[in-house]
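J.: Got a predicted model here, sequence first, then my questions.
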Amino acid sequence: MPQAGDQAPAFQLADQDGNPVSLAQFAGRSVVLYFYPKDDTPGCTVEACGFRDEHSALEAAGAVVLGVSADSTASHRKFATKFNLPFPLLADVDHTLSEAYGVWGEKSLYGRKFLGITRTTFLIGPDGVLKQVWPKVKVNGHVAEVLAALKGEAPAAGGAEKKSAAKKAPAGKKVAAAKKAPAGKTVTGKPAATKKATAKKAAPAAKAPRAAKKAATAKKAPVAKKPSAGKKPGVGKKAAPVKAPAKKSAKKSAAAKKASRK
C-alpha cells in the first residue's frame, strides 16, 4: 500500500455512466479516492451518504470525491441513483486499481475467507502526491476526518489527531477537576473554619452565664441562712416568760416572810 509522500498510482476507469475518469484530469486539485467493498451494503451505504452529505464542503475545500469498488457500472448506477450520490463511482471490475493501491487481498467474514477490497481512503494532493492514508476505515466520523485533513486540521498520520484528542480530553477534564476541587475546598473550608472558630468563641460566652448563675446562687445562699439565724433570738424571747413565774414565786416568798414577821 502506498503511503503519504508517495506518488499516487495513475488510473483511468469508467464511472457509473460509462464515462472514463482519470487521475490526470484532476491535476491541480485534491482528490479523495475512497475504496469500499460493495455497493448498497450497510457500511458502504453509510460511507457513501456521508460523502454525499458533505460533498459541497469537500468541493469548497478544493477536493474531488471518487468512489471505487469491484462492482460493475450497472451496479454503480443503481447505487448512485438510489442514494442520489453526486460523485463518480469507478468500476474496478478486474481489481487492477485496487491492487495498485494495495487494498485488494484476502478477507474473512463469519469464518469464510475470500478476496475483496479493504475499506481504505487516500487523499491525493494537487501535485499527485499522497497527502494522507486511512487504512481499514471505520465509517462513523470518517468523512469529518477527511474534511479536516483537507482544511489542514489533521496530522499526517491517518486518525492520529482523533486518538490524541481522545487522550487529551480526559487530561483536560482532570485539570479542570483539579482546579475546581481546590476552589471548592477553599470555599467550603473557610466557612467551616469560621463556624468552628465562632463555635469555640461562643462556648465561653455560653458558660459565662452559668458561672454567673452559680456566683449569684453562692451569694444568695448566706441570705437564705440569715432568717434561720434570726429565728434563734425569737426562741430566746419566748424563753423570757418562762422565768417570769420564778420572779412571782420570789415575790410570794417575800410576801410570806413579811406576813410571818407581823
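T.: Looks like it came in fine. Numbering: from 1, shown residues only.

J.: which residues are contacting the one helix or strand Val21 maps to?
T.: Remark: Val21 resides in strand 20-22, with elements defined by DSSP states H and E. Identification of contacts with strand 20-22 by C-beta atoms under 8 Å, 6 or more residues apart in numbering yields 10-15, 66, 88, 90. All C-beta spots, glycine's among them, are computed from the backbone N, C-alpha and C.

J.: ok, residues contacting the helix or strand just after that strand?
T.: Once the chain leaves strand 20-22, the next helix or strand it forms, by DSSP H and E, is strand 30-35. Contacts to strand 30-35, defined as C-beta under 8 Å, 6+ apart, come from residues 8, 23, 47, 51, 58, 61-69, 98, 101, 103, 117-126, 131, 137, 146, 150.

J.: Return the residues in contact with Lys151.
T.: Applying C-beta under 8 Å, 6+ apart, the residues near Lys151 are Ala61.

J.: For it, what are phi and psi?
T.: Here is the backbone geometry of Lys151 (degrees, to the nearest 10): phi -90, psi 0.

J.: how close does it sit to Thr121?
T.: Remark: distance between Lys151 and Thr121 (C-beta to C-beta, to the nearest Å) = 16 Å.

J.: now do Ala80
T.: For Ala80, the distance to Thr121 - C-beta to C-beta - is 18 Å.

J.: More neighbours: those two, which one.
T.: Thr121 (25 against 21; other C-beta atoms under 10 Å).

J.: Write a ChimeraX command that selects only the buried members of the contacts of strand 20-22.
T.: Per 16 or more other C-beta atoms under 10 Å, the buried members of the contacts of strand 20-22 correspond to this ChimeraX selection:
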select :11,13,14,15,66,88,90
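
J.: Make a markdown table out of the contacts of strand 20-22 and add distance to Leu109.
T.: Formatted as a markdown table, the contacts of strand 20-22 follow (distance: C-beta to C-beta, whole Å):
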| residue | distance to Leu109 |
| --- | --- |
| Ala10 | 32 |
| Phe11 | 27 |
| Gln12 | 31 |
| Leu13 | 26 |
| Ala14 | 28 |
| Asp15 | 28 |
| Leu66 | 26 |
| Pro88 | 27 |
| Leu90 | 24 |
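
J.: list the buried ones in the strand or helix carrying Phe79?
T.: Using DSSP H and E, Phe79 sits within helix 73-82. Neighbour-count burial for helix 73-82 flags 73, 75-77, 79-80 (criterion: 16+ other C-beta under 10 Å).

J.: other SSEs contacting it?
T.: With contacts taken as 3 or more C-beta pairs under 8 Å, 6 or more residues apart in numbering; DSSP states H and E, helix 73-82 sits against strand 89-91.

J.: list the buried ones in stretch 88-102?
T.: Per 16+ other C-beta under 10 Å, stretch 88-102 contains these buried residues: 88-92, 95, 97-98, 100-102.

J.: related to what we said a few turns ago, tell me the one among the buried residues of helix 73-82 nearest to Arg112.
T.: Ser75 (21.3 Å; C-beta to C-beta).

J.: could you measure the residue nearest to that closest one when sequence neighbours are not counted against Pro20, distance?
T.: The spatial neighbour of Ser75 that comes closest, neighbours along the chain excluded (C-beta to C-beta, 6 or more residues apart in numbering), is Asp39 at 4.8 Å. Distance, Asp39 to Pro20, by C-beta to C-beta: 20 Å.

J.: How about Phe114?
T.: 29 Å.

J.: Wait, Ala63 touches Phe26, no?
T.: No - using C-beta atoms under 8 Å, Ala63 makes no contact with Phe26, being 9.3 Å away.

J.: Of those two, which one has the most company?
T.: Ala63 (22 against 17).

J.: Burial check on Cys144, number of neighbours?
T.: No, residue 144 isn't Cys; it's Ala. 15.

J.: Assign a three-state SS to it, would you?
T.: Three-state call for Ala144 (DSSP: H, G, I helix; E, B strand; the rest coil): helix.

J.: again, but for Phe51
T.: Assignment for Phe51 (three-state DSSP): helix.
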